[in-house]
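Asker: Return a 3D structure for these sequence lines:
(one chain, ligands or ions: 2)
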Amino acid sequence: MSGVLLEVENYSGAFWSPTNELVPVLHQVSYRLKTGAMTAVVGETGSGKSLVALSIFGIQPAAFVCTSGRILYRDTDLLGIDEKEMRSLRGAEISMVFQDARAALNPVFTVGRQLADVYQLQHGGGRSAAMAKAIEALRQVSIPEPERRARQYPHEFSGGMAQRAMIAMAALTCRPSLLILDEPTTGLDVTIQSDIMELIVELSRQRGLTTCLITHDLGVVAEICDEVVVMNAGRVVETGTTEAIFTAPTETYTRRLLAASQLLEAAA
Ligand SMILES: Nc1ncnc2c1ncn2[C@@H]1O[C@H](COP(=O)(O)OP(=O)(O)OP(=O)(O)O)[C@@H](O)[C@H]1O
Ligand SMILES: [Mg+2]
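Answerer: Ligands and ions are numbered 1, 2, ... in the order given. Predicted coordinates:
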């Protein structure tokens, strides 16, 4: 798998319905995340983008059942390892930034403490050194007055600030390889959205991360992503370089998606 950090291979799954029936939602999903590349996963609401991402991170909903496939990270099938092994990868090598950052932060601890905990868990060292790193990380993501903000709780943060704090957390991990971002800017102010995207691109480049960006914003995809995976109704309908997808999409669904956002160029 040279040049590929993660490969989703024929991944299928279903949900238990309230009437105890298995309802298939993912059908033989396959895609690759090339090492060091930024790959977009796009597609209509409900197409399975988040479900696959949550599966990579090992936090599928309880009612979800995997019925086939593998998720290879380096040489490890993430679907075959136990929670302890998953936990050692999560945070240390694989980070995820969720759509609703405020909900992803723990409401009962200060933001500074949560960042310091992440740092200390992975790097060891003393408490005050970890807090200094946490404050430094908040400063790096342009949160004003980071010392004061570090002492605040998540509910005292704005949505954009909480998103920055989550990115700071991803930046504090020790051997980051894979960063998964599930609609990291949805619900934020448009001007803040572009700041957050800039931060993400900067972090990815600085640390040479392999990034998977789930987004509805095809303008952002065209601007910053190298590769695109198009999903529809639990299936991957098309994959390719951003250039190929935007200039010569082969699937009708992709054309429709691009046409809807008025980004279809030559292939219109
Ligand atoms: N906890 C759950 N119980 C039952 N069905 C679920 C659950 N979570 C997701 N689903 C179903 O699985 C399918 C894929 O959902 P998923 O959240 O991956 O979509 P998505 O592509 O991320 O959509 P969006 O763009 O709206 O975030 C959908 O049909 C959804 O209704
Ligand atoms: Mg989603």
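
Asker: would you list every one of the helices in the stretch 151-268 of the chain?
Answerer: 159-172, 190-207, 218-224, 242-247, 252-260 (DSSP state H, counting those that start in this stretch).

Asker: Which elements pack onto the shortest one?
Answerer: When you say that, I think you mean helix 242-247. Contact partners of helix 242-247 among helices and strands, from 3 or more Cβ pairs under 8 Å, 6 or more residues apart in numbering; DSSP states H and E: helix 218-224, strand 227-232, helix 252-260. Using the backbone N, CA and C atoms, a C-beta is placed for each residue, glycine as well.

Asker: can we see that at 10 Å?
Answerer: Other helices and strands packing on helix 242-247, by 3 or more Cβ pairs under 10 Å, 6 or more residues apart in numbering; DSSP states H and E, are strand 38-42, helix 218-224, strand 227-232, strand 235-241, helix 252-260.

Asker: so which of these comes closest to ligand 1?
Answerer: strand 227-232 (6.5 Å; Cβ to the nearest ligand atom).

Asker: Any residue of that closest one touching ligand 1?
Answerer: No - judged by Cβ under 6 Å from any ligand atom, strand 227-232 stays clear of ligand 1, getting no closer than 6.5 Å.

Asker: How far off centre is that strand?
Answerer: Offset of strand 227-232 from its chain centre (Cα atoms, centre = their mean, to the nearest Å): 14 Å.

Asker: Please name the strands paired to that strand in the sheet, noting orientation.
Answerer: Partners of strand 227-232 in the sheet, by DSSP bridges, are strand 38-42 (parallel), strand 235-241 (antiparallel).

Asker: ok, now how distant is the closest residue to A168 other than its chain neighbours from R256?
Answerer: The shortest distance from A168 to any non-neighbouring residue, by Cβ to Cβ, 6 or more residues apart in numbering, is to A137 (3.9 Å). Distance from A137 to R256, counting by Cβ to Cβ, to the nearest Å: 41 Å.

Asker: the more surrounded of those two?
Answerer: More neighbours surround A137 than the other of A137 and R256, with 25 against 13 (other Cβ atoms under 10 Å).

Asker: Give me the pLDDT value at that one.
Answerer: At A137, the pLDDT value in this model is 92.

Asker: I'd assumed it was in a helix, is it?
Answerer: Yes - assessed with DSSP: H, G, I helix; E, B strand; the rest coil, A137 lies in a helix.

Asker: pretty sure it is touching L199, no?
Answerer: No - A137 is beyond contact range of L199, at 11.6 Å (criterion: Cβ atoms under 10 Å).

Asker: what's the overlap in contacts for these two?
Answerer: Shared contacts of A137 and L199, defined by Cβ atoms under 10 Å, 6 or more residues apart in numbering, comprise R164, I167, A168, A171.

Asker: contacting residues for the third one?
Answerer: Contacts here follow Cβ under 10 Å, 6+ apart; on that basis A168 touches 111, 114-115, 118, 133-143, 146, 199, 203.

Asker: and what of L199?
Answerer: Taking Cβ under 10 Å, 6+ apart as the criterion, L199 is in contact with Q140, V141, S142, Q163, R164, I167, A168, A171, P184.

Asker: what do you get if the cut-off is 6 Å, keeping everything else the same?
Answerer: Residues near L199 by Cβ atoms under 6 Å, 6 or more residues apart in numbering: V141, I167.

Asker: likewise the one 5 residues further on?
Answerer: Contact criterion Cβ under 6 Å, 6+ apart gives T211 as the residues in contact with S204.

Asker: what's the spacing between it and D77?
Answerer: 25 Å.

Asker: Enumerate the residues of the chain near ligand 1.
Answerer: By the rule Cβ under 6 Å from any ligand atom, the part of the chain lying against ligand 1 is F15, V25, G43, T45, G46, S47, G48, K49, S50, L51, P61, A63.

Asker: Please, which helix or strand holds whatever residue of the stretch 51-200 of the chain ends up closest to ligand 1?
Answerer: Across the stretch 51-200 of the chain, the shortest distance to ligand 1 (Cβ to the nearest ligand atom) belongs to L51, at 3.3 Å. In the assignment (DSSP states H and E), L51 maps to helix 49-56.

Asker: which outside residues touch that helix?
Answerer: Residues outside helix 49-56 that contact it (Cβ under 6 Å, 6+ apart): V29, V41, G43, Q60, I71, I180, D182, I214, M231.
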